[in-house]
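Colleague: Show me how the following folds:
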Amino acid sequence: MTSFDGKTVWVTGAGRGIGARTACRFHEMGAKVFGLDRQFSEAMPFETLNVDVSDSHAVQRHCSPLLEKNGLDVLVNCAGILHLGAAETLSREAWESSMNVNAGAAFNLFKLVIPHFQRQHHGNIVSVVSNAAHVPRVNMAVYCASKAAMRSLCLSVGLELAPYGVRCNIVSPGSTQTPMLEGMCSNDGTYQNLIDGYPKQFKLGIPLGKIAQPDDIADAILFLASEQASHITLQDIVIDGGATLGV
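Modeller: Here you go, the predicted structure:
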């Protein structure tokens with residue numbers, strides 16, 4: 001993997017899960033990393049910034065000076081939340097918060113960094129979406145919709161930035177061993193059910209027979225951000241052990 005020495009990287013949702021592991025990996029590869037999240041429950045090896053990236057005013061207030069002082073080479077959008085339940089049972093607040101975090105946070109960062117990337121004629125954006133943006137899920141209507149919105153937004157931005165030499169790609173994880181998944185799974189049997197599938201919920205199992213680890217996702221993110229992927233843009237790599245059968 002290409003070194004990221006001399007590169008400045010922002011990772012949103014860096015307080016835990018895929019975001020935290022991705023930020024650590026960029027740090028290990030020599031990048032100057034700034035992790036952005038509402039809170040950090042433990043000390044991190046990279047620099048941290050407490051900010052709610054779903055709040056456009058907070059992003060401008062906290063991230064604009066950061067951009068001016070340090071510049072930016074790679075933006076990784078990892079912030080995300082999950083509200084479960086049948087569509088008719090979920091509140092308007094659940095809908096709005098899902099849209100504000102899962103799609104709105106990326107939009108807020110784009111508003112700030114796109115002019116910077118256009119001026120310098122290089123840059124890289126990798127956004128973590130979900131395989132739920134590709135297929136419907138029972139009791140996940142709001143999550144699916146918000147992630148599908150994020151996916152479309154990121155691809156549209158990538159098309160607009162391509163003439164400036166800025167690459168924009170997506171990784172769409174399936175079930176991954178993170179605090180978000182742990183909140184859904186009550187015991188080891190639930191994990192096995194994820195692997196086996198839920199036919200009554202029209203959810204296929206995982207052909208590879210295992211849950212992904214955060215490093216499985218971070219590997220793809222670092223690759224897409226590296227010079228080894230210099231001719232790859234507008235792509236969505238689904239990392240779910242085959243659960244969506246290539247959809």
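Colleague: For the rest of this, base every contact and every neighbour count on C-alpha atoms.
Modeller: Fine.
Colleague: buried residues in the longest helix anywhere in the chain?
Modeller: Longest helix in the chain by number of residues (criterion: DSSP state H): helix 141-161. By neighbour count on 16 or more other CA atoms under 10 Å, the buried set for helix 141-161 is 141-151, 153-155, 157-158, 161.
Colleague: Let me know the average pLDDT across that helix.
Modeller: Averaging pLDDT along helix 141-161 gives 98.
Colleague: For that helix, give me every contacting residue.
Modeller: Contacts with helix 141-161, where a contact means CA atoms under 8 Å, 6 or more residues apart in numbering, come from 81-87, 94-95, 98-99, 102-104, 106-107, 114, 118, 127, 129-130, 132-137, 166-170, 233-235.
Colleague: How about stretch 25-33?
Modeller: 3-11, 23, 45-47, 218, 222.
Colleague: In helices only, show me these.
Modeller: Taking DSSP H, the ones among those that sit in helices are 23, 218, 222.
Colleague: can you put these in a markdown table and add neighbour count?
Modeller: Listed next are these as a markdown table, based on neighbours: other CA atoms under 10 Å:
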| residue | neighbour count |
| --- | --- |
| 23 | 33 |
| 218 | 22 |
| 222 | 24 |
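Colleague: And the residue nearest the centre of the chain, how far from residue 180?
Modeller: When the chain is reduced to its mean C-alpha position, the closest residue under CA atoms, centre = their mean turns out to be residue 128, at 2.3 Å. Relative to residue 180, residue 128 is positioned 14 Å away (CA to CA, to the nearest Å).
Colleague: Reformat the ones in helices among the contacts of stretch 25-33 as CSV; add distance to residue 175 and pLDDT.
Modeller: Listed next are these as CSV, based on distance: CA to CA, whole Å; pLDDT from 0 to 100:
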residue, distance to residue 175, pLDDT
23, 20, 98
218, 14, 98
222, 20, 98
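Colleague: what are the pairing partners of the helix or strand just after the longest helix of the chain, and which direction each?
Modeller: Per DSSP states H and E, the first helix or strand lying C-terminal to helix 141-161 is strand 166-173. In the sheet, strand 166-173 lines up against strand 123-128 (parallel), strand 236-239 (parallel) (DSSP bridges).
Colleague: Give me whichever of these is most buried.
Modeller: Most buried of the strands paired with strand 166-173 by mean neighbour count (mean count of other CA atoms under 10 Å) is strand 123-128; its value is a mean of 25.
Colleague: Now do that one: distance to the chain's middle.
Modeller: Distance, stretch centre to chain centre, for strand 123-128: 9 Å (CA atoms, centre = their mean, to the nearest Å).
Colleague: now the strands for the chain?
Modeller: With DSSP state E as the criterion, the chain has strands at 8-12, 32-37, 47-50, 74-77, 123-128, 166-173, 236-239.
Colleague: how far off helix 141-161 does the longest one point, in degrees?
Modeller: The one in question is strand 166-173. Here strand 166-173 runs at an angle of 160 degrees relative to helix 141-161 (axes from the mean of the first three to the mean of the last three CA atoms, to 10 degrees).
Colleague: before we move on, the earlier item: quick one: which of the contacts of stretch 25-33 is nearest residue 245?
Modeller: Using CA to CA, residue 218 comes nearest to residue 245 of the contacts of stretch 25-33, at 21.4 Å.
Colleague: got a list of what the nearest residue to that closest one once chain neighbours are set aside touches?
Modeller: In space, residue 218 comes closest to residue 22 once its chain neighbours are excluded; the distance is 5.0 Å by CA to CA, 6 or more residues apart in numbering. Residue 22 makes contact with 11, 14, 214-215, 218, 221-222, according to CA under 8 Å, 6+ apart.
Colleague: could you redo the residues you listed as JSON lines and give each row distance to residue 201?
Modeller: Converted to JSON lines, the contacts of residue 22 look like this (distance: CA to CA, whole Å):
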{"residue": "11", "distance to residue 201": "33"}
{"residue": "14", "distance to residue 201": "32"}
{"residue": "214", "distance to residue 201": "26"}
{"residue": "215", "distance to residue 201": "28"}
{"residue": "218", "distance to residue 201": "29"}
{"residue": "221", "distance to residue 201": "30"}
{"residue": "222", "distance to residue 201": "34"}
